[in-house]
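Asker: predicted coordinates and the sequence they were generated for:
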Amino acid sequence: MDLADDLGAATRDGKRFAILWGLRNCPACRRMHEVYMADPAIETYIRDHFAILHLNILGSREVTDFDGTRLTEKRLAARYGIIGTPAVQFFPQNVEGLAGQQPRDRELARMDMLPAQDRFLALFQDMRR
């Protein structure tokens with residue numbers, strides 16, 4: 001769970017790197033997985049075009065940020081201002097320069113709450129353009 005390495009691997013595979021923040025027993029997270037991701041068109045599109053790192057907003061696993069800082073998932077969420085779940089952070093395809101930016105400025109876009117199902121897919125499609 002090294003964000004620079006994960007982004008680099010995604011780019012080499014022709015995919016966009018994103019972090020999906022979740023929380024156990026989160027009703028919106030459950031809906032996203034059981035309803036939205038159960039739609040084959042959505043699931044296939046995301047799997048084919050994105051490398052998703054699943055992190056727990058309260059988790060204790062260690063993650064290395066783009067600038068080399070090592071923190072728990074919970075502290076990384078706080079560093080980026082992630083306050084609810086599900087949330088998705090979308091990052092550029094090139095890691096160069098990210099380490100020198102403020103954490104929130106590293107993102108191309110963010111989904112802060114679960115939108116309607118059609119907007120959910122459209123958000124991922126927009127990130128491929």
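Answerer: Yep, that arrived.

Asker: going forward, measure contacts between C-alpha atoms and count neighbours the same way
Answerer: Noted.

Asker: just the helices in the protein please.
Answerer: Remark: helices assigned in the chain by DSSP state H are 3-12, 27-31, 40-49, 73-80, 117-127.

Asker: residue 62: which of those helices is closest?
Answerer: Smallest distance to residue 62 across those (CA to CA): 6.3 Å, for helix 73-80.

Asker: now that closest one: buried residues?
Answerer: 73, 74, 75, 76, 77 (16 or more other CA atoms under 10 Å).

Asker: check the gap between the closest residue to the last one other than its chain neighbours and residue 29 for me.
Answerer: The reference is to residue 77. Distances taken as CA to CA, 6 or more residues apart in numbering put residue 57 closest to residue 77, at 5.8 Å, once the chain neighbours are dropped. Counting by CA to CA, to the nearest Å, the gap between residue 57 and residue 29 amounts to 12 Å.

Asker: which one's more surrounded, those two?
Answerer: Remark: of residue 57 and residue 29, residue 57 carries more neighbours, 24 against 21, as counted by other CA atoms under 10 Å.

Asker: which neighbours do residue 57 and residue 29 have in common?
Answerer: Common neighbours of residue 57 and residue 29, using CA atoms under 8 Å, 6 or more residues apart in numbering, are 22, 23, 85.

Asker: where does this protein dip in pLDDT?
Answerer: 129 (pLDDT under 70).

Asker: tell me the contacts of the spatially most central residue of it?
Answerer: Per CA atoms, centre = their mean, the C-alpha nearest to the average position across the chain is that of residue 19, at 1.7 Å. Listed by CA under 8 Å, 6+ apart, the contact partners of residue 19 are 52, 53, 54, 55, 88, 89, 90.

Asker: now residue 88, which residues is it bridged with?
Answerer: The partner list for residue 88 in beta bridges (DSSP bridges) reads residue 20, residue 111.

Asker: tell me how far it lies from residue 20.
Answerer: Distance, residue 88 to residue 20, by CA to CA: 5 Å.

Asker: so for these two, which residue has more residues nearby?
Answerer: Ranked by neighbour count (other CA under 10 Å), residue 88 and residue 20 place residue 88 first, with 23 against 19.

Asker: mind listing what the more buried one touches?
Answerer: In this structure, residue 88 makes contact with 18, 19, 20, 21, 110, 111, 112, judged by CA under 8 Å, 6+ apart.
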